[in-house]
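1. Just to be clear, the model below is a prediction. Sequence and coordinates:
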Amino acid sequence: MKKLYIAFIVVFAVLLLLPFSVQTVADLRGEKRFVSLDIFKDIVYTPFARESKMAESTAKLNEAWFAARESIAGGAEVGESLEGVVSALSDLEAVALTVNSYAELDTAEADYKLLKHADTLVAALEDEPETFKAVDSTLKAVVAEFGQFSLWRALCGIKHYGVWTSRYLRAFENKVEDENALVLAFRPKYQLAVWNIFNDPGEKVVLGSGAGRWLFYRQDVEFLVQPSPLDVRSAKLDNPIQAILKFREQLKAKGVELLVVITPGKPSIYPERLTGVDGLKLAGHGKAILDSLTKLGLNTVDLYTPLLAAKADDANLGALYLDDDTHWTPRGAELAAGEIAKKVNAMVDAGMIDIGEPSMNYVVSDSLADRMGDIGEMSGLNKFNVFKAQQVTGHVIYQQEISERTEEAPADSLSDSTVVRDTVKTPFKDDFRKSKILILGDSFSRIYQTDAPVNAGWIAHFAKNISRPVASIVSDGGASTLVREKLARKAGVLKGKKLLIWEFVERDLRFGAEGWKDVIF
């Protein structure tokens, strides 16, 4: 009996150590870093090496700022003078924000806020020279904080971000899971077998019901079935309404109105495709939160009602969302553009904003594009061509300029001259200088806009509908906090803007990257 126990322990130990052993052999034979030793390196080496690098980067930042001050005082261009400062500050941030191989500095940390504040001020200095003193004092604070090797900070980094913390171990586990040679060799075959036997498309994907069985992103479904982000059971989450209200006040202080656009997730518009129950209507959290924002006096756009109504024409015009993708079709994007333009025009008519007179002429051209669904990619089954690309017709937007010139008439002509009209078409593009409208968005703002067929997304169609230039900042999956952080680092782009349109998908109300943090402008 004891021999059986020993054999069982040996077999268990071999199975337990097999992934580690295979990965160790793969690391030794390959060119990638030795992942298996990351844990040991992050205890005895990384925190102290980080301190040395921060001190070096801070010294370079101090030198760059001293040179920039001298240059600006001598009358040089502010933007050119600050190039070295921006580069040095970026290098310092890269070192300081990466605590070790797997843990990033928490956004609530004072060090994080100090660096981001410095980044924001430096970015805005060219357009706001009156902030020079604030920039100078902030950079001096950065130099004082990071300019010396700090043993205490290194030890605190080990304590709060080290290998015994969940944030480190979870990231390490994900890394091993994604890169382990044994996993990479067998997981695709396992996924294919599970799909063939059980019709299970994977942990991130939910298979719809009925004919044509659509794929749904699990987070979209979980957003609908879990408690509202405003429910007492979600007390640990950041409150999105408070973050949105604060952002509105920050923009108002700069003379900019806010317009909030919550994009419905695919299952909110097509619950019958998910459940197989015809006529099913969901009282979704996204629409409820949108209604709450409207009652609080915010400018909002309701996309739920028109998208649900537009489903009646699906048989003739095609669906509003892609089969194997989280995003809408070109038809859905263009419907959204029309609704947003309608709201903006109403705000103009009400005297709420002044975005100037229509000044642009846009034309449309059809273009076909093959769309490989992002949910299909998440399943890992596309390696075996389980899901196929879906062809869509995008309506690409071009800027059209018409000019007139006078040409001498031929000698045998009765007139002295003739007027010739020249028409030039150029690709649609953001215009940060002339536009009075800035758009913040996520992947729903990116699709068809910067990927195939390009310039056919809702942003371009919105510009066509209002006949004015627009500008945009887009962050895939990060429209709750990350895109506002991008804006904070480029605060100068708000100069001359009268309206900011903030688009984000409803699931971000719960699952947004970095939550709904306060962002300092």
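-> Received the coordinates, thanks. All of these numbers come straight from a predicted model, not from anything done at the bench. Numbers count the residues shown, from 1 in each chain.
2. what's in contact with stretch 325-333?
-> 215, 217, 220, 263, 265-266, 307, 310, 317-322, 336, 371, 373-376, 390, 392-395, 443-444, 447-448, 456-458, 461, 505 (CB atoms under 8 Å, 6 or more residues apart in numbering). In this view, the C-beta of every residue, glycine as well, is placed from N, C-alpha and C.
3. And residue 392, which helix or strand is it part of?
-> strand 390-408 (DSSP states H and E).
4. Buried ones among the contacts of stretch 325-333?
-> The neighbour-count test (16 or more other CB atoms under 10 Å) marks 215, 217, 220, 263, 265-266, 307, 310, 319-322, 336, 371, 373-376, 390, 392, 394-395, 443-444, 447-448, 456-458, 461, 505 as buried among those.
5. Now go through these and say which are in strands.
-> Cross-referencing those against strands under DSSP state E gives 215, 217, 263, 371, 390, 392, 394, 395, 505.
6. What's opposite the fifth one in the beta bridge?
-> Right, the one you point to is residue 390. residue 371 (DSSP bridges).
7. Kindly indicate whether residue 497 is helix, strand or coil.
-> Assigned by DSSP: H, G, I helix; E, B strand; the rest coil, the conformation of residue 497 is coil.
8. Looks like it contacts residue 256 (just checking).
-> Yes: the pair residue 497 / residue 256 is scored as a contact, 5.3 Å apart, by CB atoms under 8 Å.
9. who touches both of the two?
-> residue 438.
10. Which phi and psi values does residue 366 adopt?
-> phi -70, psi 150 (degrees, to the nearest 10).
11. Look up how far residue 423 lies from it.
-> Per CB to CB, to the nearest Å, residue 366 is found 19 Å from residue 423.
12. re the thing from before, what pLDDT, on average, does the strand holding residue 392 get?
-> What strand 390-408 shows for mean pLDDT is 82.
13. What is the nearest of the ones in strands among the buried ones among the contacts of stretch 325-333 to residue 114?
-> Of all these, residue 114 sits closest to residue 505, with 31.6 Å by CB to CB.
14. In the sheet, which residues pair with that closest one? Tell me.
-> residue 263.
15. Which residues are in contact with it?
-> Counting by CB under 8 Å, 6+ apart, residue 505 has contacts 262, 263, 264, 265, 326, 442, 443, 444, 479.
16. residues near the fifth one, how many?
-> Counted with other CB atoms under 10 Å, the burial measure for residue 326 works out to 23 neighbours.
17. Helix, strand, or coil at it?
-> Per three-state DSSP, residue 326 ends up coil.
18. Report the separation between it and residue 202.
-> Taken as CB to CB, the span from residue 326 to residue 202 is 14 Å.
19. Then the fourth one?
-> From residue 265 over to residue 202 the distance is 18 Å, taken as CB to CB.
20. Likewise for residue 433?
-> 45 Å.
21. and residue 301, bridged to which residues?
-> residue 261.
22. just checking, it touches residue 343?
-> Yes: between residue 301 and residue 343 there is a contact at 4.9 Å, judged by CB under 8 Å.
23. low-confidence ranges in the stretch 401-521 of the chain?
-> Counting by pLDDT under 70, the stretch 401-521 of the chain has low-confidence residues at 402-422, 491.
24. Just give the number of residues close to residue 309.
-> 10.
25. Local confidence estimate at the closest residue to residue 237 other than its chain neighbours?
-> Excluding its sequence neighbours, the residue lying closest to residue 237 (CB to CB, 6 or more residues apart in numbering) is residue 229, at 5.3 Å. On pLDDT, residue 229 comes in at 88.
26. which ones are touching residue 229?
-> 237, 239, 240, 285, 289, 509, 510.
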